[in-house]
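Student: Okay, sequence plus prediction incoming.
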Amino acid sequence: MYNGSLFERLSNEFNGKEFGSDEEAIYASIANNLSRIFSTNAGSAEIAKDYGRPDLNNINLSMKDSIELIEHHSEICIKKYEPRLYKTKVGVSREKLTFNQMNIFIEGYLVVNGRSKKINFKADLLKNGKVKIYKDGI
């Protein structure tokens with residue numbers, strides 16, 4: 001039975017027995033870690049200044065350049081701090097941009113039971129500052 005990442009085991013935040021399969025537990029663990037990444041402003045984690053998303057309030061670029069910066073920085077951060085995903089691509093939904101709200105799509109590959117499997121997550125950065133991450137298609 002999958003018991004979560006090292007951080008989840010140390011903090012007792014994760015119970016792999018809640019899920020129907022190891023695969024679903026791994027998806028939930030990755031979503032949990034992605035939620036932490038997108039809930040943290042880069043530069044605010046003292047031990048890793050590159051951990052987290054760019055501070056969306058302090059981007060002084062055009063809309064196109066800002067979105068590209070968010071996508072690029074998020075890909076780099078996920079590749080570094082969520083090593084279970086590889087060949088990661090991040091995209092911001094340009095159709096659903098609203099004031100203080102953003103939808104981000106994360107595509108990557110994961111090794112499950114010795115086989116590479118494509119997986120998609122969606123991150124909703126909500127107006128209240130919360131982040132909702134879920135496996136896309138749910």
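Tutor: Nice, thanks for sending it over.

Student: how near is Met63 to Val92?
Tutor: Met63 is 10 Å from Val92, where distance means Cβ to Cβ, to the nearest Å. (Each C-beta comes from the backbone N, C-alpha and C, glycine too.)

Student: I meant to write Ile26 there.
Tutor: 25 Å.

Student: Which one of those two is surrounded by more residues?
Tutor: More crowded of Ile26 and Val92, by other Cβ atoms under 10 Å: Ile26, with 21 against 18.

Student: Leaving out sequence neighbours, find the closest residue to the more buried one.
Tutor: For Ile26, ignoring the flanking residues on the chain, the nearest one in space by Cβ to Cβ, 6 or more residues apart in numbering is Tyr2 at 5.6 Å.

Student: Let's verify the one you found: helix, strand, or coil?
Tutor: coil (DSSP: H, G, I helix; E, B strand; the rest coil).

Student: quick one: contacts for it?
Tutor: Contacts for Tyr2 (Cβ atoms under 8 Å, 6 or more residues apart in numbering) come out as 16, 19, 22, 25-26, 29.
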